[in-house]
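1. Compute the structure for the input listed below.
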Amino acid sequence: MKLCNDRWHSVESFDCYMKQTLKFKARDYFRSAKKRSEYEASFSDLTDSELSSAAAFDYYSECDDCFDVSGWQVQVKNFDLAIALSDLPKLNREVILLYYFIGLTGKEIAENRGIPISTVRYHRIKALDKLKTILEDSLNG
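-> Here you go, the predicted structure:
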């Protein structure tokens, strides 16, 4: 008989232990949810302006305004400038893109192209003059 009572006592103890454990876990969960709600907000609770200020957008282009220059893909975001660059002769366009968009020096462009630095300078100045003319014409009509 004593064995049966001990077994029954152990079952009651386990039952009591599990109930207390679940009660304390539930309490801890609700406390942590309350603390979290103080510094977190659900997306559904945000206004449109708050949501747009927290958003990040990726812009992907089909690269209509992209130029391949010595292994680099250069995207020109200004449409008028992209049109003007595409009207330039190839070497002038590449010098402009490498110098102003990629950030290479005249010496680095010369080494890359295998031409003298003075030729790079000449093509850069000539390309800038032609770009100025093309852009002024497009603005004037």
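
2. mind checking pLDDT for Y59?
-> pLDDT for Y59: 64.

3. Renumber starting at 4 from here on
-> Noted, 4 is the first residue going forward, which turns the last one into Y62.

4. pLDDT weak spots in the protein?
-> 4-14, 61-67, 144 (pLDDT under 70).

5. How about the contacts made by the nearest residue to K80 once chain neighbours are set aside?
-> Spatially, and ignoring its direct neighbours in sequence, K80 is nearest to D68 (6.9 Å; CB to CB, 6 or more residues apart in numbering). No exception for glycine: its C-beta is placed from N, CA and C like everyone else's. Shown in contact with D68 (CB atoms under 8 Å, 6 or more residues apart in numbering): Q78, V79, K80, F82, A85.

6. quick one: which of those residues sit in strands?
-> The strands, defined by DSSP state E, take in Q78 from the contacts of D68.

7. Filter the contacts of D68 down to the buried ones.
-> V79, A85 (16 or more other CB atoms under 10 Å).

8. Same list, the contacts of D68, but as JSON lines with distance to A29 please.
-> Shown next, in JSON lines, are these (distance: CB to CB, whole Å):
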{"residue": "Q78", "distance to A29": "55"}
{"residue": "V79", "distance to A29": "59"}
{"residue": "K80", "distance to A29": "55"}
{"residue": "F82", "distance to A29": "60"}
{"residue": "A85", "distance to A29": "61"}
